[in-house]
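J.: sequence isn't available, so here's the structure alone:
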């Protein structure tokens, strides 16, 4: 079983909403931080949002107000609710997890040990 599995990607129209789900393997204990990233064609991987075990969240300014991250700490699952989607949101979306808590702003964006294979989101105009 892969350590992290994403689901929920697909093709939508601009303005639509889509929810992505992420599940971390039960073999990985004490998951503290879960996050979402994306990579568009020709671009570097981009951090989107993260959530800690205490439900504290941290968002990239690029999606703040449109995307919402949530988590079920007991089940080690997380979701990314994406609203008002734009063609520029087209990308492969990745979920990541780590057992440590962010100690600084950078800690939300970096240091993830477990990654999923990604799920494609395509937004048409």
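T.: Yes, it's here. Please read these numbers as outputs of a predicted model, since none were measured by experiment. Numbering: from 1, shown residues only.

J.: check the gap between the residue nearest the centre of the chain and residue 125 for me.
T.: The geometric centre of the chain, computed from its C-alpha atoms, lies nearest to residue 36 (CA atoms, centre = their mean), at 1.8 Å. Between residue 36 and residue 125 the distance is 23 Å, computed by CB to CB, to the nearest Å. Just so you know, the C-beta spots here come from the backbone N, C-alpha and C atoms, and that holds for glycine as well.

J.: residue 48 too?
T.: According to CB to CB, residue 48 stands 21 Å off from residue 125.

J.: those two: which has the busier surroundings?
T.: Between residue 48 and residue 125, counted using other CB atoms under 10 Å, residue 48 has the larger neighbour count: 24 against 8.

J.: my read is the more buried one is in a strand, agree?
T.: Yes: under DSSP: H, G, I helix; E, B strand; the rest coil, residue 48 sits within a strand.

J.: on the three-state scheme, the nearest residue to it once chain neighbours are set aside is what?
T.: Among residues not flanking residue 48 along the chain, residue 36 sits closest, at 4.5 Å (CB to CB, 6 or more residues apart in numbering). Here residue 36 is strand, with the state taken from three-state DSSP.
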